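starting from these lines, generate the structure:
(one chain, ligands or ions: 1)
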Amino acid sequence: TLAKDTFIIGFSQATTTEPWRLLFNQEARSEAAKHPNVTLLVRNGQDSVPKQVADMEEFIARKVDAILISPKEADGLTAVVNKAFNAGIPVFVLDRDISNDHYTQFIGGDNILIGRTAGAYAVELLGGRGKAKGTIVEIWGGMKSTPAHDRHNGFWEVVSKEAGIKLLNKAEDGDWKQDKAYEIAANAMEAHDRIDVIYAHNDPMAYGAYLAASDIKREKDIAFIGIDAIPGEGVMWVHEGKLDATFLYKTPGADAIRQALMFLQGKEIDKRLTLPTQRITSKNAKDILLKHKLIKP
Ligand code: FRU
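Sure, this is the predicted structure:
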């Protein structure tokens, strides 16, 4: 029989509130546009698990050729991902994982490594290994999502080795949102006169914390660390001196389309594809912005 040569790919996106998500959609769309035989259907889960489950059910009912999903949270989306996979639809889980591996492939950054790298940076800021001293407030991303846990675990694996470093707050869920992080940071600053580092699980939340501090003129006393490093967002904030560091979290948009097509064309693909990261501080932020023509030489 002849291989099928036109494909409908459904993409269930968790939300579009962060610029990172818009870039992710854009990268998936522009990669798909290079292939005239591909139709990409994008659905926005609007940060709601029931909405995202309904989007997945729509793709299953339509019998699309492949599904890409970046799940809002792990537990609430696992059953519907497994249902699609068991119905014979190739499923690509992107950025946030589910609770088992009954899918075709996972593509995303190594969030444990990112957490460790951020932790090593915090230790450096606070005086270096064995000598570090200071206080940290951590602002979690969505507590039900895998990147938040990995970013926490990697960070504390490194930082907890330092007897002189103290975590000031209990795990607080900022749900990846700037405004929630603003509140968490404002409350932490009210409770503590001295905070040396605020580690937030993404750049929008690190920026929310920065705004809360600058509103009460404490931004100069605190180092803000985020994750994502979108040039026009986190990298720009580092360049402007608002964030101290951010760590690249590439979107899996383009790779997801390429991997899905390879699979649909009968090629073998890996079970997991891990995307690279990079540390961005005031040392390299400018070069990145110049490269993206976001500032003038
Ligand atoms: C966007 C986002 C990113 C973060 C990723 C984690 O919704 O919060 O900022 O890196 O999701 O899954």
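
going forward, measure contacts and count neighbours with C-alpha atoms only.
Will do.

near the ligand, which residues of the stretch 51-200 of the chain?
Contact residues, the stretch 51-200 of the chain versus the ligand (C-alpha under 6 Å from any ligand atom): 95, 96, 147, 176.

dump those to CSV, plus secondary structure, distance to residue 158 and pLDDT.
Shown next, in CSV, are these (DSSP: H, G, I helix; E, B strand; the rest coil; distance: C-alpha to C-alpha, whole Å; pLDDT from 0 to 100):
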residue, secondary structure, distance to residue 158, pLDDT
95, coil, 23, 98
96, coil, 23, 98
147, helix, 17, 98
176, coil, 23, 98
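
against the ligand, how distant is the nearest residue to residue 99 once chain neighbours are set aside?
Closest residue to residue 99 apart from its sequence neighbours, by C-alpha to C-alpha, 6 or more residues apart in numbering: residue 74 at 5.6 Å. Shown here: residue 74 relative to the ligand, a distance of 11 Å by C-alpha to the nearest ligand atom, to the nearest Å.

that older thread, nearest to residue 41, of the residues of the stretch 51-200 of the chain next to the ligand?
residue 95 (18.5 Å; C-alpha to C-alpha).

coming back round to it: residues touching the residue nearest to residue 99, list them.
By C-alpha atoms under 8 Å, 6 or more residues apart in numbering, the residues touching residue 74 are 96, 97, 98, 99, 144, 145, 146.

what is the burial count for the last one?
The number of residues packed around residue 146, counting by other C-alpha atoms under 10 Å, is 22.

show me the contact partners of stretch 212-226.
Contact partners of stretch 212-226, identified using C-alpha under 8 Å, 6+ apart, comprise 118, 182-183, 185-186, 189, 195-207, 209-211, 234, 242-247.

cutoff 6 Å now
182, 186, 196-203, 206, 243-246 (C-alpha atoms under 6 Å, 6 or more residues apart in numbering).

buried residues, it. List them.
212, 213, 218, 219, 222, 223, 224, 225, 226 (16 or more other C-alpha atoms under 10 Å).

need phi/psi at the fourth one.
Comment: the main-chain dihedrals of residue 219 come out as phi -70, psi -30, following degrees, to the nearest 10.

quick one: it from the ligand, how far?
22 Å.

if we can go back for a sec, which one of the contacts of stretch 212-226 is nearest the ligand?
Ranked by distance to the ligand (C-alpha to the nearest ligand atom), the contacts of stretch 212-226 are led by residue 202 at 4.8 Å.

phi, psi of the residue nearest to the closest one when sequence neighbours are not counted?
Closest residue to residue 202 in three dimensions, ignoring its sequence neighbours and counting by C-alpha to C-alpha, 6+ apart: residue 227, at 4.3 Å. Dihedral angles of residue 227 (phi, psi; degrees, to the nearest 10) stand at phi -140, psi 140.

count of residues packed around the closest residue to residue 135 other than its chain neighbours?
Using C-alpha to C-alpha, 6+ apart and skipping residues adjacent in sequence, the residue nearest residue 135 is residue 166, 4.8 Å away. Residues contacting residue 166 under the criterion other C-alpha under 10 Å number 15.

so residue 166, which state does it fall into?
Secondary structure, DSSP: H, G, I helix; E, B strand; the rest coil: residue 166 is strand.

ok, now residue 135?
Classified using three-state DSSP, residue 135 is strand.

with residue 246 instead?
strand.

pretty sure it contacts residue 230?
No - using C-alpha atoms under 6 Å, residue 246 is not in contact with residue 230; the gap is 9.2 Å.

those two - which one has more neighbours?
residue 246 (31 against 22).

distance of the residue in the stretch 51-200 of the chain that the ligand sits nearest to relative to residue 16?
With C-alpha to the nearest ligand atom, the shortest gap between the stretch 51-200 of the chain and the ligand falls at residue 176, namely 4.5 Å. To residue 16, residue 176 is 12 Å away according to C-alpha to C-alpha, to the nearest Å.
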